[in-house]
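J.: Curious how this folds, go ahead:
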Amino acid sequence: MDNYYKIREFQCTTKAKHGVGALKSLPDSIRELGAKKPLIVTDPGVVKAGILEKVTQVLKEAGIECAVYDQVVPNPYIETVGQATQVYLDKACDCLIGLGGGSSMDTAKGVGVEATHEGNVLKWEAAERDLERRIAPLITIPTTAGTGSEITVWAVITDPARKFKFNVGGPLLSPHIAIVDPELHVSMPPHVTAGTGMDALCHAIECYTCHFSQPHTDAAALLAIEHCAAYLRRAVGNGQDMEARYYMAMSAHLAGISYGTESAGAVHALTQTLGGIKPEIHHGPAVGATLGAFMEYNWIGRPKKFRRVAQALGVEISGLSDRDACMLGAEAVYDLAEDVEIPSLSDLGIKEEEIPLLAKEAANDPQTPGNPRDIDESGYTWMYRRCLGLI
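T.: Numbers count the residues shown, from 1 in each chain. Here you go, the predicted structure:
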């Protein structure tokens, strides 16, 4: 029986404030949470781009003192979260601001967990146990349009001992307030705009087609796909195009909502395990390099849904068989990735001899069960080989 007819649950407890200039609402948002001293969790790139200064200036003008942890790294480690938590405690902060891309927002979520639970973030790996309490008050401010982490109920943290990315989360991890201001996105260089945009598209396509989809998430996913198809090329080509920046911000945000409280599918199983083994490979480009193969492999699992994805991507599907429509959808994704200059897996350094290990790890990832088509190591092997041009 299709999951649509089962008893399901959908939660979205984050208040979203969005639009050009939305950053101005930050002081009121802090007061709304009953807080007085936030810790801003961010990364050196955000500092270099001058975005942290914009945020601290807004707080200074409102008479709000803050502390800063600005050493977040890509694919943040357990230690990264622990260091930020120590600053939160040492500076007697009472709320958090996750400022940046997914890594900064996920680190802030991890601090929120450690501030309200015993032990470090690893103890609360979702595969082992659920969170027991609401995390510390958290405001998320994305500076990229990709992860949707400002509204998702998950944080992805790297355990270097296992060379593995694990998830922490559930409804208790929801950010309290998300502030989405496209003015903060104009400093993104084209390659970052491209990679994060493909990540947003992937969230939407995976969550629309996965076994955990439901009407609430489907509605958000389809609009996210349409926005990305219409505006990603423009945002990459002209970073000052505020209309494109706004709708890409909304694409990422809606795709984050489409994640719901569960998981996605094979692309994220593949790229999360890949990033754990090879942390130098950034998530966005890896997603962009594998999404087309995902669609080719998986359409047979939910052909009507992949047909609708093709339509949302702008493909004219009238009179086509399901197979032909779905293949044209995959082709549209390949074309988009090429147009925005997403590197191939070969360009990212993946070699044929690495496939057996990478496929094995992907098959064991907790997001694999959500995949729309039954998949095991052989399926992941096919995807890797397809991406490397071996088939």
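
J.: For the protein, which residues score under the pLDDT cut-off?
T.: Residues of the chain meeting the criterion pLDDT under 70: 1-4, 261.

J.: what does the domain assignment say about it?
T.: 6-184, 190-387 (automatic domain parsing).

J.: Show me where the chain has its strands.
T.: Secondary structure of the chain (DSSP state E): strands located at 15-18, 38-41, 67-69, 95-100, 138-142, 154-159, 164-169, 177-180.

J.: Nearest to L131, out of those?
T.: Nearest of the strands of the chain to L131, taken as CB to CB: strand 164-169 at 7.3 Å. Backbone N, C-alpha and C define where each C-beta goes, glycine included.

J.: Can you list the strands that the closest one pairs with?
T.: strand 154-159 (antiparallel) (DSSP bridges).

J.: Now do the strand it pairs with against strand 95-100: the angle between them, please.
T.: Using axes from the mean of the first three to the mean of the last three CA atoms, to 10 degrees, the direction of strand 154-159 lies 80 degrees away from that of strand 95-100.

J.: List the buried residues in strand 154-159.
T.: In terms of neighbour count (16 or more other CB atoms under 10 Å), strand 154-159 has its buried residues at W154, A155, V156, I157, T158.

J.: which of the residues you listed lies closest to G63?
T.: Distances from G63 to these, taken by CB to CB, are shortest for A155, at 30.9 Å.

J.: Quick one: residues contacting that closest one.
T.: Listed by CB atoms under 8 Å, 6 or more residues apart in numbering, the contact partners of A155 are M105, D106, T107, K109, G110, V113, V121, S149, N167, V168, G169, L173.

J.: Throw these into a markdown table and include distance to G197 and neighbour count, thanks.
T.: Formatted as a markdown table, the contacts of A155 follow (distance: CB to CB, whole Å; neighbours: other CB atoms under 10 Å):
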| residue | distance to G197 | neighbour count |
| --- | --- | --- |
| M105 | 17 | 33 |
| D106 | 19 | 32 |
| T107 | 22 | 30 |
| K109 | 22 | 30 |
| G110 | 25 | 31 |
| V113 | 29 | 26 |
| V121 | 28 | 27 |
| S149 | 15 | 28 |
| N167 | 23 | 21 |
| V168 | 25 | 29 |
| G169 | 23 | 22 |
| L173 | 25 | 24 |
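
J.: those helices in the stretch 201-350 of the chain, which residues are they?
T.: Taking DSSP state H, counting those that start in this stretch, the helices of the stretch 201-350 of the chain run over residues 215-237, 242-258, 266-277, 283-298, 303-312, 322-339.

J.: For E125, find the nearest of those.
T.: Using CB to CB, the nearest of these to E125 is helix 266-277, at 13.1 Å.

J.: and that closest one, how far from the chain's centre?
T.: Helix 266-277 sits 13 Å away from the centroid of its parent chain (CA atoms, centre = their mean, to the nearest Å).

J.: Could you check the angle it makes with strand 154-159?
T.: 30 degrees.

J.: Which secondary structure elements does helix 266-277 sit against?
T.: strand 154-159, strand 164-169, helix 190-209, helix 283-298, helix 355-363, helix 377-387 (3 or more CB pairs under 8 Å, 6 or more residues apart in numbering; DSSP states H and E).

J.: Out of those, indicate the one that is most buried.
T.: helix 190-209 (a mean of 27; mean count of other CB atoms under 10 Å).

J.: who does it touch, helix- and strand-wise?
T.: By 3+ CB pairs under 8 Å, 6+ apart, helix 190-209 packs against helix 215-237, helix 242-258, helix 266-277, helix 283-298, helix 303-312, helix 322-339.

J.: repeat that for 7 Å
T.: helix 215-237, helix 242-258, helix 266-277, helix 283-298, helix 303-312 (3 or more CB pairs under 7 Å, 6 or more residues apart in numbering; DSSP states H and E).

J.: and G256, what does it touch?
T.: G256 makes contact with G148, S149, E150, I151, T152, H203, according to CB atoms under 7 Å, 6 or more residues apart in numbering.

J.: ok, now how distant is the fifth one from M105?
T.: In this structure, T152 lies at 9 Å from M105, with CB to CB, to the nearest Å as the measure.

J.: Then the fourth one?
T.: I151 sits 10 Å away from M105, taking CB to CB as the criterion.

J.: circling back: what about the helices of the stretch 201-350 of the chain, which gets the closest to G370?
T.: Taking these one by one with CB to CB, helix 266-277 is closest: 8.4 Å.

J.: Show me what counts as buried in the closest one.
T.: Of the residues in helix 266-277, those buried (16+ other CB under 10 Å) are A266, V267, H268, A269, L270, T271, Q272, T273, L274, G275, G276.

J.: which two from those residues end up farthest apart in space?
T.: Largest pairwise distance in these, by CB to CB, is 15.9 Å, between A266 and G276.

J.: related to what we said a few turns ago, turn the helices of the stretch 201-350 of the chain into CSV, columns for distance to L358.
T.: Listed next are the helices of the stretch 201-350 of the chain as CSV, based on distance: least, CB to CB, whole Å:
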stretch, distance to L358
helix 215-237, 27
helix 242-258, 25
helix 266-277, 6
helix 283-298, 11
helix 303-312, 24
helix 322-339, 20
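
J.: Select, out of those, the one closest to P27.
T.: Going by CB to CB, the one of the helices of the stretch 201-350 of the chain nearest P27 is helix 242-258, 21.1 Å.

J.: and that closest one, how far from the chain's centre?
T.: 12 Å.

J.: Next, the angle from that helix to strand 138-142.
T.: Using the same axes, to 10 degrees, helix 242-258 lies at 140 degrees relative to strand 138-142.

J.: and the residue of the chain most remote from its centre, what does it touch?
T.: Here the centre of the chain is the reference, and by CA atoms, centre = their mean the most remote residue is G319, at 34.8 Å. Listed by CB under 7 Å, 6+ apart, G319 has no contact partners.

J.: so how far is A325 from it?
T.: G319 is 9 Å from A325, by CB to CB.

J.: Then G389?
T.: G389 is 24 Å from A325, by CB to CB.

J.: So for the two, which residue has more residues nearby?
T.: Ranked by neighbour count (other CB atoms under 10 Å), G389 and A325 place A325 first, with 23 against 9.
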